[in-house]
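Chemist: Structure, please.
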Amino acid sequence: MNYARFDGDIGQFNTPTISLGYEFSKNSLSLIPEVRYGNGGNGYQNNIELDKFLAFSIKGQWNFQTGLYLFLYPSYSNTTLKKTSSSSWYCCVPDEKKSSWGFGAGVGGGFKITDNFAIETAFEKSNDYDFFALGLRYNF
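Modeler: Residues are numbered from 1 along each chain as shown. The predicted structure is shown next:
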């Protein structure tokens, strides 16, 4: 579970996101295919709302004996924006909803509190937005 912030040309959105992935580990390296989803984020400008966010990524993660880990990942994501009320700002969301797919890349790190729980943060850059997340990760 993450708290995510999206910054882009069309405004700024805050939303909770969840992710589901599976970790393949060998020694201190891991490969983690992952799906992330978020919705319901209100924008700070122009009566626009983040209707949904869906992303697919594959993390390459380096694990250290101290419990720290760092990761890099490419992603392919979809953002859907929704107009929440009448607005003269019509340039970027001409219809009631606008959906776009795009590639991105991210970097992040975390700290394993226990074998099952970790705190992590990530930054991702794509064509449409900058994404920053802070969250709690549970492994089972």
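Chemist: Which parts of the protein are strands?
Modeler: 2-8, 11-21, 24-26, 29-43, 48-63, 68-83, 97-112, 117-126, 129-138 (DSSP state E).
Chemist: Would you format those as a markdown table with mean pLDDT included?
Modeler: Shown next, in a markdown table, are those (pLDDT from 0 to 100):
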| stretch | mean pLDDT |
| --- | --- |
| strand 2-8 | 82 |
| strand 11-21 | 86 |
| strand 24-26 | 94 |
| strand 29-43 | 87 |
| strand 48-63 | 90 |
| strand 68-83 | 91 |
| strand 97-112 | 91 |
| strand 117-126 | 94 |
| strand 129-138 | 91 |
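Chemist: Could I get the ones you listed in CSV, plus columns for mean neighbour count?
Modeler: Every residue, glycine included, has its C-beta placed from N, CA and C. Converted to CSV, these look like this (neighbours: other Cβ atoms under 10 Å):
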stretch, mean neighbour count
strand 2-8, 18
strand 11-21, 17
strand 24-26, 9
strand 29-43, 16
strand 48-63, 19
strand 68-83, 18
strand 97-112, 15
strand 117-126, 17
strand 129-138, 18
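Chemist: residue contacts, Thr79?
Modeler: 6, 50, 52-53, 99-100, 128-129 (Cβ atoms under 8 Å, 6 or more residues apart in numbering).
Chemist: hey, what's it bridged with?
Modeler: For Thr79, the beta-bridge partners under DSSP bridges are Phe53, Ser100.
Chemist: Identify the residue spatially nearest to Ile58, adjacent ones excluded.
Modeler: Pro33 (5.2 Å; Cβ to Cβ, 6 or more residues apart in numbering).
Chemist: Likewise for Val35?
Modeler: Closest to Val35 by Cβ to Cβ, 6+ apart is Leu20, at 5.3 Å.
Chemist: for Thr121, same thing?
Modeler: Nearest to Thr121 is Leu134, by Cβ to Cβ, 6+ apart, at 4.9 Å.
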